[in-house]
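Make a model of this:
(2 chains)
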Amino acid sequence: MGLLIDIVQWALVVLGVIGATIALVKVFPRIWKTRGMARWLFVVGLVLTVVFVVLAVFAPLIAPYGFAESRVDGVRLPELDPPSSYFLLGTNDMAFDIFSRVVWGARTAMQVIVISVLFSVALGVPLGLLAGYVGGTLDRILVFLMDALYAFPSLLLAIVMAFLLNQKLGNGIVAAALSLTVIYIPQYFRVVRNTTVSVRESTYVEAARALGAKPTTVMRKYLFGNVIQSVPVLGTLNAADALSTLAALGFLGLGIQPMEASEWGFDLNRALDDAQAGIWWTGLFPGLAIVLLITGLTLVGEGLNETLNPALRRRRLLPVRFPAKEAADEHV
Amino acid sequence: MSSSRGSLPRYIAIRLLLIIPMMWVLLTFVFILLRVAPGDPVTAAAGGKLSAEEIERRQAALGLDRPLITQYFDYLGDVVRFQFGNALSDGTPVTSLIRDHGGATLTLTIGAFLFAVLVGVPLGRWAGRHRDTAVDAPIRILGIVVYAAPIFWVGILLIIAVDNVFPGWPTSGIASPTAIYEIPTKTHILLVDAVLSREYVWDVVQHHILPCFVLGLLLSGVIIRLVRINVIQAMQADYVEAARSRGIPERRVVRDHAFRNALVPVVTVIGLQVALTLSGAVLTENTFNWPGLGTDLVDYVIARDYVAVQGLVTFFALIVVVVSVVVDVINALIDPRVRY
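The predicted structure is shown next:
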């Protein structure tokens, strides 16, 4: 069971990284053509993200200790040692080296982000395509369900899912990633469904239908390529959000446990007690890692959005969502 | 639906009726997740410490041995009567949890909201008016950083900072133990009780400041972004141009023409931040050891108490649905275009 989960986990991560790289290579020339602020924010975001990807990939080479290593050559490392030349960012109350945990944490974060985004794309996109193309009762039911899910506080949803999955899958990376998946499915569903509805009536789809194309062919060959455009933007922004939810679960003690992998949110949970005692280094650095990676991903997402979305490119406004109002309007 | 065009009472009636199906979907969802999926709450809570007979006896006492469909209708019936069950681990009725601890969550969220509006609206207005200038850039960056920084991390850093700068300032709990003990309970909302009895008011207020500030910071990020974009859009509108051409001073154009119109969508979206506020409140409460429903929820999740978690999640769902409908109604009252 454990080995199977490990294999699936790594296969998914590799798949996700390949997908992200292809997407980035495809849109990069278009981004490079834009000028001014948008481009610089995108570059800053990309650099931040790449730094964490490098940390994640080369963690075993960069980190001086393991993520749960409190003993070296039979000698126990000091607890709560302040930053020094021996322990770059100090050690925590479990005698783990904080620098090592921050580096290994990048790997955990990447794994969880990739798996959860992949799963929500894999579920949300087909559902949205189906609902938008088929329409009718199926569409209405799915929209209503997804809206209900979307209206619900995302952290509560993640808590409930983690609560259920931890019992079945343990407190590992896959369980945490799946707990986050549910939050993002409605977002892909909504975007893909709405695009499908508007593209469905276009002439080329009508032509395909007139030629006798089956519904599956129309969805696969004619609609998919159109509706997939918005996924990279949403995927990057969701990746940022997934990281903050993962950290929140970890902070509440419901995420990945320290022996399974290094997770920044869990470290902040331990750091809360240290803070009351005036110890700053256990909390500062894992949190800083979270902020930097979220900022990086958000900037990349917004950069993509501003270059890929023509409406935004001209007016250069940030996207605003009016979720529940839109949702309610559809039902009156 | 065309006959409803422009009719406010009918619009409100439809919105209110919509609470029922929305609630039903959420309740069914909660039931499937927490009652059908996990299997057996008693075994989960006990963790293998009980004999088979004892487990069966407890299941029978909770009605868990009956068919799921019966349990489902019982659950719906209980929610309608405002009954959310009794916690498995300590037997506390969830209703009394809500009564005793809901007040702390309420004062925390209201305080945070006030802070967020007082800070976010002026900053967003300022940034929007001076778009793409030296004023706009730092405010936008503040918006991104506030979004990126985990609320509990900000809390941890502030606890350390406050301890250093103002030693003795409270960084944990809703009031000092003596205050909690001495303030007579009337409304179950500690802050209100303190004000009513005129005892320990400053102590309770002092404990509120840091948590409200931290949660408010999170919400202000959203508000800044929102107000800024809406002011920018309103500033480009024809009526602003018209006002300028009539020679009205720029200050008044911004205040009376652009800003007022920009506020309409802002009111809606601010109202719809309930979900974010609740998520943020759970984290803030756990950071500051706040005796509210978010702390309860996490405690019961860790205790694997399905009944209490189900009750609390149901209550949160109820709040989200009711508030979103109320916001829709308020919005219809403010803006005639919404009613179509």
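
May I ask which helix or strand of the chain has the lowest mean pLDDT?
By default, I'm working from chain A. helix A:310-315 (a mean of 50; mean pLDDT, DSSP states H and E).

actually it's chain B I care about, not the one you picked
The helix or strand of chain B with the poorest confidence is helix B:41-46; it has a mean of 68 (mean pLDDT, DSSP H and E).

If you count contacts, what does the helix or strand just after that helix end up packed against?
For helix B:41-46, the succeeding helix or strand toward the C-terminus, using DSSP states H and E, is helix B:52-62. Applying 3 or more CB pairs under 8 Å, 6 or more residues apart in numbering or on different chains; DSSP states H and E, we find helix B:52-62 packed against helix B:41-46. Where C-beta positions appear, they are placed from N, C-alpha and C, glycine not excepted.

what does the stretch 151-300 of chain A put close to chain B?
Within the stretch 151-300 of chain A, the positions adjacent to chain B are A:151-156, A:159-164, A:167, A:240, A:244, A:247-248, A:251-254, A:265, A:268, A:271-272, A:275-276, A:278-280, A:283-284, A:286-287, A:290-291, A:294-295, A:298-299 by CB under 8 Å from any CB of the partner chain.

tell me, how many neighbours does B:Arg99 end up with?
For B:Arg99, the neighbour count with other CB atoms under 10 Å in any protein chain shown is 11.

Skipping adjacent residues, who's closest to it in space?
B:His188 (5.4 Å; CB to CB, 6 or more residues apart in numbering or on different chains).

likewise A:Ala23?
A:Pro232 (4.8 Å).

Compute the number of surrounding residues for the residue of the stretch 201-340 of chain B found nearest chain A.
Among all residues of the stretch 201-340 of chain B, B:Ser279 sits closest to chain A, at 3.5 Å; criterion: CB to the nearest CB. Using other CB under 10 Å, the number of residues around B:Ser279 comes to 25.

Residue for residue, what is the longest helix chain A has?
helix A:98-134 (DSSP state H).

so after that helix, what's the next helix or strand?
helix A:136-151.

Residues contacting that next one, please?
Applying CB atoms under 8 Å, 6 or more residues apart in numbering or on different chains, the external contacts of helix A:136-151 come out as A:127, A:130-132, A:157, A:182, A:185-187, A:189-190, A:193, A:323-324, A:327, A:330-331, B:21-22, B:25-26, B:29, B:275, B:320-321, B:324.

Please save the CA atoms from it in PDB.
C-alpha atoms of helix A:136-151 as PDB (Å, rounded to 0.1, in the frame of the first residue of the first chain):
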ATOM      1  CA  GLY A 136     -30.200  20.700 -19.700                       C
ATOM      2  CA  THR A 137     -30.900  19.000 -16.400                       C
ATOM      3  CA  LEU A 138     -27.400  17.500 -16.000                       C
ATOM      4  CA  ASP A 139     -25.900  21.000 -16.400                       C
ATOM      5  CA  ARG A 140     -28.300  22.600 -13.900                       C
ATOM      6  CA  ILE A 141     -27.600  19.900 -11.300                       C
ATOM      7  CA  LEU A 142     -23.900  20.100 -11.700                       C
ATOM      8  CA  VAL A 143     -23.800  23.900 -11.600                       C
ATOM      9  CA  PHE A 144     -25.900  23.900  -8.500                       C
ATOM     10  CA  LEU A 145     -23.700  21.300  -6.700                       C
ATOM     11  CA  MET A 146     -20.500  23.100  -7.700                       C
ATOM     12  CA  ASP A 147     -21.900  26.400  -6.600                       C
ATOM     13  CA  ALA A 148     -22.800  25.000  -3.200                       C
ATOM     14  CA  LEU A 149     -19.300  23.600  -2.900                       C
ATOM     15  CA  TYR A 150     -17.800  26.900  -4.000                       C
ATOM     16  CA  ALA A 151     -19.800  28.900  -1.500                       C
END
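
That helix to helix A:98-134, inter-axis angle?
Angle, helix A:136-151 to helix A:98-134, by axes from the mean of the first three to the mean of the last three CA atoms, to 10 degrees: 160 degrees.

Which strands or helices does the next helix or strand after helix A:136-151 pack on?
Next in sequence after helix A:136-151, counting helices and strands by DSSP H and E, comes helix A:154-169. Packing partners of helix A:154-169 (3+ CB pairs under 8 Å, 6+ apart): helix A:173-200, helix A:231-251, helix B:274-287, helix B:293-302, helix B:306-334.

B:Ala52 is nearest to which of the ones you listed?
helix B:306-334 (19.3 Å; CB to CB).

Of the residues of the stretch 151-300 of chain A next to chain B, just the buried ones, PyMOL syntax please.
To isolate in PyMOL the members of those that are buried, counting by 16 or more other CB atoms under 10 Å in any protein chain shown, one can use:
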select buried, chain A and resi 151+152+153+154+155+156+159+160+161+162+163+164+240+244+247+248+251+252+253+254+265+268+271+272+275+279+280+283+284+286+287+290+291+294+295+298+299
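
can you put the helices and strands packed on helix A:154-169 in JSON lines and add mean pLDDT?
Listed next are the helices and strands packed on helix A:154-169 as JSON lines, based on pLDDT from 0 to 100:
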{"stretch": "helix A:173-200", "mean pLDDT": "88"}
{"stretch": "helix A:231-251", "mean pLDDT": "89"}
{"stretch": "helix B:274-287", "mean pLDDT": "91"}
{"stretch": "helix B:293-302", "mean pLDDT": "90"}
{"stretch": "helix B:306-334", "mean pLDDT": "84"}
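
any chance of the ones you listed in CSV, plus distance to B:Leu68?
CSV is the format used below for the helices and strands packed on helix A:154-169 (distance: least, CB to CB, whole Å):
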stretch, distance to B:Leu68
helix A:173-200, 22
helix A:231-251, 29
helix B:274-287, 29
helix B:293-302, 22
helix B:306-334, 14
